[in-house]
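Asker: no sequence on this one, just coordinates:
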């Protein structure tokens, strides 16, 4: 059973557009919510992360929005570029117990 | 910056053979995690170690075992390999005195069982 539900499964965006990936969780004990970017054959790379006491965090073109009451969080990629084409995983953790979403395959078309 | 090192990067074994995967965490990281990722799947947590002691256990088969050594590197030992064990195996590391939950992944070992 996936403890973190991620959608969509795949996403196609035009260059310069906004990519939005959503995640939802059930366990309110989770206190750390990272996003990982993974290219084929490579390890997941930590992209950006947020804690539940913050509603938004921005790093460059990447923004996490967090809604604690709805138990949802999302990743926004502004000005999406072809180089952003990868699989994105949201995750939620308590201490060092991390659970991943199923992943979103993002394709940014030039 | 130094990253997590995994070896070997690729490994081909036959059914019923054994395999040993190695992980060298980022310097000064004291916690190591092992994940298994099947094709098109998300990483599944197998096991973790903190200060050479097992700290959490996930969906690790009984045929697998792991340990963390005094220099903090870790080895995942896999016996009686099955075709279904073919996957990418990732090691991640973190430092408990830093951001809890912040795990950094290695490049992975691709295991193929024939």
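Answerer: The structure has been received and is ready for your questions. Quantities reported herein were computed from a predicted structural model and do not represent experimental measurements.

Asker: going forward, measure contacts between C-alpha atoms and count neighbours the same way
Answerer: OK.

Asker: buried residues in stretch B:52-68?
Answerer: For stretch B:52-68, the neighbour count (16 or more other C-alpha atoms under 10 Å in any protein chain shown) marks B:52, B:54, B:60, B:64, B:66, B:67, B:68 as buried.

Asker: Just give me the neighbour total for whichever residue of chain A sits closest to chain B.
Answerer: Closest to chain B within chain A is residue A:43: 4.5 Å, counting by C-alpha to the nearest C-alpha. Neighbour count for residue A:43, taken as other C-alpha atoms under 10 Å in any protein chain shown: 24.

Asker: Just give the closest residue to it, not the sequence neighbours.
Answerer: Counting by C-alpha to C-alpha, 6 or more residues apart in numbering or on different chains, residue A:43 lies nearest to residue B:107, which is 4.5 Å off, once chain neighbours are set aside.

Asker: Quick one: residues contacting the one you found.
Answerer: By C-alpha atoms under 8 Å, 6 or more residues apart in numbering or on different chains, residue B:107 lies in contact with A:41, A:42, A:43, B:4, B:5, B:6, B:9, B:90.

Asker: Neighbouring strands - and their directions - for the worst-scoring helix or strand of chain A on mean pLDDT?
Answerer: Taking mean pLDDT, DSSP states H and E as the measure, strand A:97-100 is the helix or strand of chain A with the lowest mean score, a mean of 88. Sheet pairing here is set by DSSP bridges, and for strand A:97-100 it gives strand A:86-94 (antiparallel).

Asker: related to what we said a few turns ago, and after the least confident helix or strand of chain A, which helix or strand comes next?
Answerer: strand A:104-109 (DSSP states H and E).

Asker: now the strands for chain A?
Answerer: A:4-7, A:10-14, A:19-25, A:33-38, A:45-50, A:56-59, A:62-67, A:72-77, A:86-94, A:97-100, A:104-109 (DSSP state E).
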